[in-house]
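Undergrad: I'll drop the sequence and a predicted model, then ask my questions.
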Amino acid sequence: MLDSLETIVSFAKRRGFIFQSSEIYGGLSSCYDYGPLGVELKNNVKKMWWKAMVQNRNDVVGLDASILMAPKVWEASGHLEGFTDPLVDCKQCKKRWRADHLLEAKGIKPTFQPGDWGKHNMKCPDCGGDLTEVRKFNLMFKTQMGAVEDEAIDIYLRPETCQGIYTNFLNVQQSMRKKVPFGIAQIGKAFRNEITPGHFTFRTREFEQMEQQYFCHPDEKKKIFDMWQEVRMQWYRDLGIKKENLQFREHEKTELAHYASRALDIEYNYPAMGFKELAGVHDRGNWDLTRHSEFSGEDLSYFDNQKNEKFIPHIIETSDGADRATLAFLIDAYDEVETRSGDEDGKHEKEVVLRLHKSLAPIKIAILPLSKKEPLQKLSEEIQTKLRQDWMTMYDETGSIGKRYRRQDEIGTPYCLTVDFDSLEDKKVTVRDRDTMVQERVGIEELEKYFGDKLR
Ligand code: ATP
């Protein structure tokens, strides 16, 4: 287990996974760009989520709602009033802090009834200076819509993706002839003006959520909540996260968001931070559809023909962060091993093997001609042209074969395919497995079937 995030931060940059945003201008704090391998990894995370949540189920359908929504949505959702963090400033060094984080660090349960804060006599952790009273700080990014400033209306970048699902509840239910219980899933960007972002991509101001809202009758809620908590936990395990690095944490009543009647986190054991939220399962009651019915004037209730019953569906939400998940997969897969690559100039004392699940690996097959001689290059290119129809491949002809294996191990490529002079005669290539390092000769004609089976 890594003891700091620094190793991953520099590895992610060095190997083209994640870069600081606007780096040549000194960087924009807490914003990150996914590089060529990072975008493949994160796309694969999202693809696997979609596959598990939509493609493989009859009871969930997808949606892609717009980021900008009518301002009233945020009144109805309670975000204009309630989506705030408690904030204090140091009177001396002017640094800004989350009051709840300061209390938690001292083992005090944060409560903010009038008079609560003053009792604790908290000081600035940096300089020991006095702190201001607690103020509420709204986390939504505000912007304006419209070409003429005077006539423009204030709108917000969505702080969570799910509101687009609630406002489309009837559209989806009616157009897809769905019966309750059913779910709507969506992947998309969300924005929060976090006061204390940090820990790399764990907490950023722009991030991506993978959310699913399951509409149900209140009598079925408990069973459905249990089902989703298992489904979401199992997804992380199936994709290779070590069991001991995952745990559930039930929220106490005092921690619950304004809309939630029950919340459970799936936590990951992040280096240096310990167990922190990776995803959540929430019982949102019928708060959302009730509020949107009130504020929009549209009746968002559901009529159950069989039971002859009309009700406002309750919602069990599963909410995963694509960036936090990508980070967890990277950290969990990162392995430093004693040297294991072949020839002399490829040798190092320590080597990195990124043991990503095959379905998440950015590159599935590396194509490595043993020499730069024309007939090997030509054959390698022909093989790549065929394989890239189905999989992300990478062509690499520079350096010794040991070095090239190591490069691929470091970025998690499950298979390396070497084209050598024998290949010209026997029409076979050598395929090496990242984890077992077992090598086998496979006929060129059989490669598509071979990888089809291995990478399914
Ligand atoms: P936290 O307590 O860590 O601030 P939260 O409880 O506010 O998280 P939710 O509102 O439940 O988070 O959001 C669902 C998921 O979205 C989280 O589990 C996380 O994976 C992701 N997420 C939330 N805020 C951020 C952020 N600032 N940066 C990256 N991912 C985030």
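TA: Nice, thanks for sending it over.

Undergrad: Please name the nearest non-neighbouring residue to K358.
TA: Closest residue to K358 apart from its sequence neighbours, by C-beta to C-beta, 6 or more residues apart in numbering: P414 at 4.7 Å. C-beta here means a position set from N, CA and C on the backbone, and glycine is covered the same way.

Undergrad: wait, I meant R57
TA: Of all residues not flanking R57 in the chain, G183 sits nearest, at 7.8 Å (C-beta to C-beta, 6+ apart).

Undergrad: pretty sure that neighbour contacts I224?
TA: No: using C-beta atoms under 8 Å, G183 makes no contact with I224, being 9.4 Å away.

Undergrad: Please say which of the two ends up with more neighbours.
TA: Of the pair G183 and I224, G183 is the one with more neighbours under other C-beta atoms under 10 Å, namely 25 against 20.

Undergrad: Tell me if the more buried one really is in a helix.
TA: No: the assignment for G183, made by DSSP: H, G, I helix; E, B strand; the rest coil, is strand rather than a helix.

Undergrad: Tell me which helix or strand the residue in the stretch 151-300 of the chain positioned nearest to the ligand sits in.
TA: Nearest residue of the stretch 151-300 of the chain to the ligand: F207, at 3.6 Å (C-beta to the nearest ligand atom). In this structure, F207 sits in strand 206-216 according to DSSP states H and E.

Undergrad: Okay, now the sheet partners of that strand, with direction.
TA: Note on strand 206-216: by DSSP bridges, its sheet partners are strand 182-191 (antiparallel), strand 314-321 (antiparallel).

Undergrad: for the ligand, what are the nearby residues on the stretch 201-350 of the chain?
TA: Applying C-beta under 6 Å from any ligand atom, one finds that the stretch 201-350 of the chain approaches the ligand through 203-204, 207, 209, 277-280, 319-321, 323-324.

Undergrad: before we move on, back to that, what is the subsequent helix or strand relative to the strand holding F207?
TA: The helix or strand immediately downstream of strand 206-216 is helix 221-238, counting by DSSP H and E.

Undergrad: rewinding a little: between G183 and I224, what contacts are shared?
TA: Listed as contacting both G183 and I224 by C-beta atoms under 8 Å, 6 or more residues apart in numbering are Y214.

Undergrad: Contacts for stretch 404-413, please.
TA: Stretch 404-413 is contacted from outside by 15-16, 37, 333, 341-342, 346, 348, 351-356, 360-366, 368, 394, 396, 398-399, 416, 432, 434, using C-beta under 8 Å, 6+ apart.

Undergrad: Tell me the confidence at the closest residue to the ligand within the stretch 201-350 of the chain?
TA: Closest approach between the stretch 201-350 of the chain and the ligand, counting by C-beta to the nearest ligand atom: G321, at 2.3 Å. G321 carries a pLDDT value of 98.

Undergrad: burial count for it?
TA: 23.

Undergrad: Going along the chain, name the helices of the stretch 251-400 of the chain.
TA: Secondary structure of the stretch 251-400 of the chain (DSSP state H, counting those that start in this stretch): helices at 287-296, 322-333, 374-387.

Undergrad: Quick one: list the elements packing against the second one.
TA: Looking back up the chat, that one is helix 322-333. When contacts are defined as 3 or more C-beta pairs under 8 Å, 6 or more residues apart in numbering; DSSP states H and E, helix 322-333 sits against helix 6-14, helix 36-50, strand 206-216, strand 262-270, strand 274-285.

Undergrad: For the stretch 351-456 of the chain, give me the ranges with low pLDDT.
TA: Residue ranges of the stretch 351-456 of the chain with pLDDT under 70: none are present.

Undergrad: mind listing what the closest residue to the ligand within it touches?
TA: As assessed by C-beta to the nearest ligand atom, the ligand sits closest to L360 within the stretch 351-456 of the chain, at 16.7 Å. By C-beta under 8 Å, 6+ apart, the residues touching L360 are 41, 44-45, 48, 239-240, 329, 412.

Undergrad: does C127 count as helix, strand or coil?
TA: coil.

Undergrad: Read off the pLDDT value for the closest residue to it other than its chain neighbours.
TA: Leaving out its chain neighbours, the residue that sits closest to C127 by C-beta to C-beta, 6+ apart is C93, at 4.4 Å. Note for C93: predicted pLDDT of 90.

Undergrad: C93 against G129, yeah?
TA: Yes: between C93 and G129 there is a contact at 5.9 Å, judged by C-beta under 8 Å.

Undergrad: more neighbours, the two?
TA: The neighbour count for C93 versus G129, taken as other C-beta under 10 Å, is higher for G129 (15 against 11).

Undergrad: thinking again about what came up before, which ones are touching the residue nearest to K358?
TA: Taking C-beta under 8 Å, 6+ apart as the test, what P414 contacts is 358, 361, 364-365, 433-435, 454-455.

Undergrad: Need the buried ones from these selected in PyMOL.
TA: To isolate the buried ones among those in PyMOL, judged by 16 or more other C-beta atoms under 10 Å, type:
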select buried, resi 358+361+364+365+434
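
Undergrad: I figured F202 hits G274, correct?
TA: No: assessed by C-beta under 8 Å, F202 is found out of contact with G274, at 12.0 Å.

Undergrad: So which of the two has more stuff around it?
TA: Set F202 next to G274 and count neighbours by other C-beta under 10 Å: F202 wins out with 21 against 9.

Undergrad: so the residue of the stretch 201-350 of the chain closest to the ligand sits right up against E206, yeah?
TA: No: with contacts counted by C-beta under 8 Å, G321 stays clear of E206, the gap being 11.7 Å.
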